[in-house]
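> sequence unavailable; structure follows:
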């Protein structure tokens, strides 16, 4: 019996592909991802064997905004290399005028043993960066 190798990829439709690429290109590079594929309606970033794909939402579907409380995706969580990396990302995100979630509980919004940073991407998808112990 062969054992599954885990997650292959996740694909997310976005309202403004160029804005999404500008947001994720630097962030995912900091987290060990590299551009994997690029085409006129999308881009993907790979880390190991798994990759994350962003595609431009078709215009006829673009009127409905994303909301993590609806059925479907709630958030994406990524491993950081360290707590120091999370602190550095927090400074970079602040400089990019990104709004944080649960700011009053940083860095333990996920619990006393869970060092993490929470914020939203341009489509309001919640992003969590978690420090490895």
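Arrived safely, thanks for sending. If you're wondering where the values come from, they're calculated on a predicted model, not measured in any experiment.

> pretty sure residue 37 sits in a strand.
Yes - assessed with DSSP: H, G, I helix; E, B strand; the rest coil, residue 37 lies in a strand.

> show me what contacts it?
43, 44, 51, 53 (Cβ atoms under 8 Å, 6 or more residues apart in numbering). Yep, even glycine has a C-beta here, placed from its N, CA and C like the rest.

> go again using 7 Å as the cut-off
residue 44 (Cβ atoms under 7 Å, 6 or more residues apart in numbering).

> residue 50 too?
Contacts of residue 50 (Cβ under 7 Å, 6+ apart): 6, 7, 8, 9.

> which residues of this structure fall in strands?
9-14, 34-39, 42-47, 50-56, 75-80, 116-120, 126-131 (DSSP state E).

> how near is residue 132 to residue 44?
In this structure, residue 132 and residue 44 are 24 Å apart, going by Cβ to Cβ, to the nearest Å.

> looking at the two, which one has more neighbours?
For residue 132 versus residue 44, the count of surrounding residues by other Cβ atoms under 10 Å is larger for residue 44: 19 against 10.

> shaky segments in this protein?
Scanning the chain with the threshold set as pLDDT under 70 gives 1, 3-4, 133.

> got the domain ranges for it?
With domains defined by automatic domain parsing, the chain comprises 1-57, 69-133.

> could you look over the strands of the chain and pick the most buried one?
Highest mean neighbour count of these: strand 116-120, a mean of 21 (counted as mean count of other Cβ atoms under 10 Å).

> residues touching it, excluding its own?
So strand 116-120 is contacted by 86, 89-90, 93, 98-102, 106-107, 109-110, 126-131 (Cβ under 7 Å, 6+ apart).

> now that strand against strand 75-80, angle please.
140 degrees (axes from the mean of the first three to the mean of the last three Cα atoms, to 10 degrees).

> from the chain's centroid, how far away is strand 116-120?
What separates the centre of strand 116-120 from the centre of its chain is 9 Å, taken as Cα atoms, centre = their mean, to the nearest Å.

> that older thread, out of the strands of the chain, flag the one nearest residue 64.
strand 9-14 (10.4 Å; Cβ to Cβ).
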